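K.L.:
Provided below are the primary sequence and the corresponding predicted coordinates.
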Amino acid sequence: MLPSKKKVIYLIDDEIELGTIIKLHLERQGEYDVEVFVDMNEPIEKIRRDEIPDLVITDLVLNKSKGTSLSSFIKNNPHTRHIPVLMMSGYFQGRNVGDAISAGCDDLIRKPFTNVELEQKIHSLLID
């Protein structure tokens with residue numbers, strides 16, 4: 001039996017330490033290759049070059065932009081709209097939730113979250 005291909009996850013968070021911790025945890029499981037970015041410019045360029053991830057996890061609020069812009073970019077393109085987007089934030093309230101849903105985000109996770117919560121969200125998004 002051939003080994004299964006690891007799922008590629010793009011993780012965008014301007015808190016590089018948090019991104020690194022999440023990357024180490026997920027890659028330790030052996031099922032994922034996680035690329036961490038501090039803004040959405042590089043992941044957008046990679047997607048434009050057909051370097052398509054299996055999942056995108058993005059923070060709602062980034063230094064110079066919002067994760068909703070990245071989600072809209074992915075979901076408004078017929079070649080990428082199948083990519084699940086998980087939006088994370090420390091403050092999902094009213095308008096923020098509406099903005100994330102309007103941008104096409106597939107699920108939300110509130111910071112701080114546990115490893116188990118994150119793993120459940122990822123698993124749910126990747127098996128659908």
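P.N.:
Good, I have the coordinates.
K.L.:
Strands of this protein, residue ranges please.
P.N.:
For the chain, the strands defined by DSSP state E cover 7-12, 32-37, 55-59, 85-89, 107-110.
K.L.:
Centre of the chain to the lowest-mean-pLDDT helix or strand in the chain, how far?
P.N.:
Least confident helix or strand, the chain: helix 94-102 with a mean of 84, by mean pLDDT, DSSP states H and E. Centroid separation for helix 94-102 versus its chain: 16 Å, with C-alpha atoms, centre = their mean, to the nearest Å.
K.L.:
Tell me which other helices or strands that helix touches.
P.N.:
helix 67-75, strand 85-89 (3 or more C-beta pairs under 8 Å, 6 or more residues apart in numbering; DSSP states H and E). C-beta: built from backbone N, CA, C; applies to glycine.
K.L.:
rerun that using 10 Å as the cut-off
P.N.:
For helix 94-102, the packing partners by 3 or more C-beta pairs under 10 Å, 6 or more residues apart in numbering; DSSP states H and E come out as helix 67-75, strand 85-89, strand 107-110.
K.L.:
got the strands of the chain as CSV, with mean neighbour count, mean pLDDT and distance to residue 117 columns?
P.N.:
Below are the strands of the chain laid out as CSV (neighbours: other C-beta atoms under 10 Å; pLDDT from 0 to 100; distance: least, C-beta to C-beta, whole Å):
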stretch, mean neighbour count, mean pLDDT, distance to residue 117
strand 7-12, 22, 98, 15
strand 32-37, 18, 97, 16
strand 55-59, 26, 97, 12
strand 85-89, 24, 95, 10
strand 107-110, 16, 95, 6
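K.L.:
Enumerate every residue touching the residue nearest the centre of the chain.
P.N.:
Centroid check for the chain by C-alpha atoms, centre = their mean gives residue 57 as the closest residue, at 1.1 Å. Applying C-beta atoms under 10 Å, 6 or more residues apart in numbering, we find residue 57 in contact with 9-13, 19, 22, 26, 34, 36, 67, 84-88, 107, 109, 118, 121-122, 125.
K.L.:
now do 7 Å
P.N.:
Taking C-beta atoms under 7 Å, 6 or more residues apart in numbering, we find residue 57 in contact with 9, 11, 86, 88.
K.L.:
Perfect, I'm done here.
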